[in-house]
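1. predicted coordinates and the sequence they were generated for:
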Amino acid sequence: MNESIELRNYKFDSDEIPLVSISCITYNHKQYIRDAIEGFLMQITNFPVEILIHDDASTDGTTEIIKEYEKRYPNLIKPLYEEENQWVKGRRGSVVFNIPRAQGKYIAFCEGDDYWIDPYKLQKQVDFLESHPDYGLVHTNYIRKSVVKGKDLGIRWSQKYNNMLSGNILYSLINQKVSVWTGTVCMRSSYCLDYCKYIGKYTFKSGDFPIWSFVAAQSKIGYLQECTAVRRLLQYSATQGRNYKEYIEYFESDFRVALFINELFSLPKEVLEISEKAMYRRKLSSLFNCGT
């Protein structure tokens, strides 16, 4: 594949090995899943891509929408449909369901309630990683959209954060000074596969944050200032709208990530101390914001 083609128009050979695997995790996203899939299909690339969708036994019609797209693009969209919800069983995320079956050299992520807005997102990120072998992951800026308030909240990162979001950012990442949002990430799949070796030993509630930290401990992180995606802020989701107890569990999980990274790569003592202080500071802040 040499010329750039919109993915929906590419005639894939079923034996073709994709360069990029897109991982999409979804559950009861009937209102949003079309936007996510259309964001994948509009990508213009000069390399083959596969779209891996894990539907965690949706009950609202999400499954039927995915099957509609699967029928239209059988060599491109590769779903995995659950008959029973796996989240409640503690089996969660791309690490469990999509990364093990990904064929691509690179993996990009976007959950079913978010979507991409830049048709060249994947091409830009792959070009970056191909030309920067010392970078394990590249992420971008994004737009936040409040579903509850019904309006855009603007871009996430102003330019003053650029230097903190790129390069050797491990300490800033685990100390909560900056973050990497899943829906903008494209990374080397080799790091994902290495990380999967630890999934049985450690349990984290903090989403994909452990993966980004794992990569940042071993390589540089790339950042593109342009917005390539929209993050929907829902009233309640895996990362939003919790009560105080749930927030506390996530903050403690974030600190366990620091301990996890320390066990593997030996962090300076002061970094762990700062991370622990950050956990207590966030607990106190949530106490006032959420109440008890």
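-> Done, it's in.
2. every contact and neighbour count from this point should use C-alpha atoms.
-> Noted.
3. contacts only, for A229.
-> Counting by Cα atoms under 8 Å, 6 or more residues apart in numbering, A229 touches 114-118, 141-143, 183-184.
4. tell me where this structure has helices.
-> Assigned by DSSP state H, the helices in the chain fall at 33-41, 62-72, 94-97, 121-131, 162-165, 170-174, 189-196, 209-216, 244-265, 269-290.
5. return the last one as CSV; C-alpha atoms alone will do.
-> Extracted C-alpha coordinates of helix 269-290, given in CSV (Å, rounded to 0.1, in the frame of the first residue of the first chain):
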residue,chain,number,x,y,z
LYS,A,269,13.2,7.9,46.6
GLU,A,270,12.0,11.5,46.2
VAL,A,271,9.8,10.6,43.2
LEU,A,272,7.9,8.0,45.2
GLU,A,273,7.5,10.5,48.1
ILE,A,274,6.1,13.1,45.7
SER,A,275,3.7,10.5,44.2
GLU,A,276,2.5,9.6,47.7
LYS,A,277,1.9,13.2,48.6
ALA,A,278,0.0,13.7,45.4
MET,A,279,-2.3,10.8,46.3
TYR,A,280,-3.1,12.3,49.7
ARG,A,281,-3.6,15.7,48.2
ARG,A,282,-6.1,14.3,45.7
LYS,A,283,-7.9,12.4,48.4
LEU,A,284,-8.3,15.6,50.4
SER,A,285,-9.5,17.6,47.4
SER,A,286,-12.1,14.9,46.5
LEU,A,287,-13.4,14.9,50.1
PHE,A,288,-14.4,18.5,49.7
ASN,A,289,-15.7,18.1,46.1
CYS,A,290,-17.6,14.9,46.6
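6. got the angle for that helix vs helix 244-265?
-> Here helix 269-290 runs at an angle of 170 degrees relative to helix 244-265 (axes from the mean of the first three to the mean of the last three Cα atoms, to 10 degrees).
7. list the helices and strands helix 269-290 packs on?
-> Packing partners of helix 269-290 (3 or more Cα pairs under 8 Å, 6 or more residues apart in numbering; DSSP states H and E): helix 244-265.
8. list the buried residues of the helix it packs on.
-> 244, 247-248, 250-262 (16 or more other Cα atoms under 10 Å).
9. which members of these are the farthest-apart pair?
-> The distance between the two most remote of the buried residues of helix 244-265 (Cα to Cα) is 27.5 Å, for Y244 and N262.
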